[in-house]
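Asker: got a predicted structure plus its sequence, pasted below:
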Amino acid sequence: MKITTVLWDWNGTLMNDVPLCCELLNHQLTRHGYAPVGGLDAYRRVFRFPIEQYYQDAGFDFSRHPYSQLAQEYAVLYASRCESCPLQPNAEAVLRKLQALGLHQFILSASEQKALEQQVAFYGLREYFEALLGLNNVYAHSKVDVGLTWLQKSGTPASSVLMVGDSVHDYEVSQALGTRCVLYAGGHQPADVLAATGAPVVNGLDQIFSYL
């Protein structure tokens, strides 16, 4: 079936918050007495969903510092800095072209709903999306349930949807929803990790047109 809908991830896919997330992770680790993970390459190797597991892999001991405490702390730090992040290269141009082609566009994010709405509005991108689909908490567990609910309520055929994200979790979400998927290698996980899913991997967002 022809692609009629693009389901976008936000963090790392349209907004480039990767350097900020690396900085904040190292800040939290150091603040609580752990060794930092290092630079961007090391960060992208350790990053994964669920975020709780990624924090353990980074070195946090939840018996000393519970994940709920760390997640709340991170949310405050991130909110104060995220608007300094740039969009990914060509992000708005791609959104504009997809809109001109008549495709429906949505964001499906593990971000908390209110924060997602504020960020998308700040970057002046709200007009491109029919809905923003976020979570009702800051713990970033999974967005599968939100995606499945949207798919059922909207009546959109899964085979007409292209999921675009930057993580293995985005591929897992696409599998759960039954949609097609393209992964962007400029975000939170490196190209080889993304390619191991078997999904197409692109180095630029403007390359997704080949998969419509």
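Answerer: Right, received. Where do you want to start?

Asker: where does the protein dip in pLDDT?
Answerer: 137-142 (pLDDT under 70).

Asker: make it 50
Answerer: Scanning the chain for pLDDT under 50 picks out the ranges 138-140.

Asker: so what are the domain limits for it?
Answerer: 5-16+87-211, 18-84 (automatic domain parsing).

Asker: any chance of those in TSV with mean neighbour count as columns?
Answerer: In this view, the C-beta of every residue, glycine as well, is placed from N, C-alpha and C. Compiled in TSV, the domains of the chain are given as follows (neighbours: other CB atoms under 10 Å):
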stretch	mean neighbour count
domain 5-16+87-211	18
domain 18-84	16
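
Asker: quick check: phi and psi at W10.
Answerer: As for W10, its main-chain torsions (degrees, to the nearest 10) stand at phi -110, psi -70.

Asker: meant to ask about L7
Answerer: Per-residue torsions, L7: phi -110, psi 110 (degrees, to the nearest 10).

Asker: wait, doesn't it sit right on L162?
Answerer: Yes. If you go by CB atoms under 8 Å, L7 and L162 touch, sitting 6.9 Å apart.

Asker: intersection of neighbour lists for those two?
Answerer: T179 (CB atoms under 8 Å, 6 or more residues apart in numbering).

Asker: now G155: how far from A199?
Answerer: Going from G155 to A199 by CB to CB, to the nearest Å gives 25 Å.

Asker: please apply the same query to F209.
Answerer: Here the criterion is CB to CB. By it, F209 lies 16 Å from A199.

Asker: contacts only, for the nearest residue to V94 once chain neighbours are set aside.
Answerer: In this structure, V94 finds its nearest non-sequential neighbour in L205, 4.7 Å apart by CB to CB, 6 or more residues apart in numbering. With contact set as CB under 8 Å, 6+ apart, L205 has these partners: T13, L14, Q88, P89, N90, A91, V94, V164, Y184, G186.

Asker: let me know the closest of those to A42.
Answerer: Closest approach to A42 among the contacts of L205 (CB to CB): G186, at 17.0 Å.

Asker: name the residues that touch stretch 92-106?
Answerer: Counting by CB under 8 Å, 6+ apart, 3-8, 14, 123, 125, 128-133, 150, 156, 205-206, 208-209, 212 sit against stretch 92-106.

Asker: can you do 10 Å?
Answerer: 3-8, 14, 87-88, 90, 123-125, 127-133, 147, 150, 154, 156, 160-164, 204-209, 212 (CB atoms under 10 Å, 6 or more residues apart in numbering).

Asker: in strands only, show me the residues you listed.
Answerer: Assigned to strands by DSSP state E, the following of these qualify: T5, V6, L7, W8, A131, L132, L133, V161, L162, M163, V164.

Asker: farthest pair in those residues?
Answerer: Farthest pair in the ones in strands among the contacts of stretch 92-106, by CB to CB: L132 and L162, 17.5 Å.

Asker: now do the SS call for V120.
Answerer: helix (DSSP: H, G, I helix; E, B strand; the rest coil).
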